[in-house]
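Peer 1: this is a predicted model, with the sequence first.
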Amino acid sequence: MPKAIFIEANGGEYEVEVNLGQTLMEAATDNMIDGIIGECGGVCSCATCHVYVDEAWLAKLPPADDIEESMIDVAREPMENSRLSCQIEMTEALDGIILRLPVSQF
């Protein structure tokens, strides 16, 4: 089963198994990863699943659509590699993806 690595702002690291087709937000909340809230349930309307995708993995992701881009704009401390984890579905190509969490989602 593919895995994702979530790294908290304080350095805590969690490797979780993710079902193919499952969003990374769902995997994080299912595994109680602190820092991923997913307040809207994954419908791209809250930005509380904001992550920083490791640079090595960005090219393997489909580009963010306009809705995700607008939500990233309201996230706390967005960066060039910011994405919403509710919009990233696990594929075989993403096995081992590294995601860093912001200090806070609010």
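Peer 2: Structure received. Numbering: from 1, shown residues only.
Peer 1: residue ranges of the strands in this structure, please?
Peer 2: Using DSSP state E, the strands of the chain run over 3-7, 13-17, 50-53, 82-84, 97-100.
Peer 1: dump those to CSV, plus distance to residue 24 and mean neighbour count.
Peer 2: (C-beta placed from N, C-alpha, C; glycine too.) Shown next, in CSV, are those (distance: least, CB to CB, whole Å; neighbours: other CB atoms under 10 Å):
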stretch, distance to residue 24, mean neighbour count
strand 3-7, 6, 19
strand 13-17, 9, 14
strand 50-53, 7, 24
strand 82-84, 9, 24
strand 97-100, 7, 20
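Peer 1: what's the closest of the ones you listed to residue 25?
Peer 2: Nearest to residue 25, of all those, is strand 82-84, at 7.4 Å by CB to CB.
Peer 1: ok, and what's touching the closest one?
Peer 2: Residues from elsewhere that reach strand 82-84, judged by CB atoms under 8 Å, 6 or more residues apart in numbering: 25, 44, 47, 49-53, 61, 64, 68, 71-72, 75.
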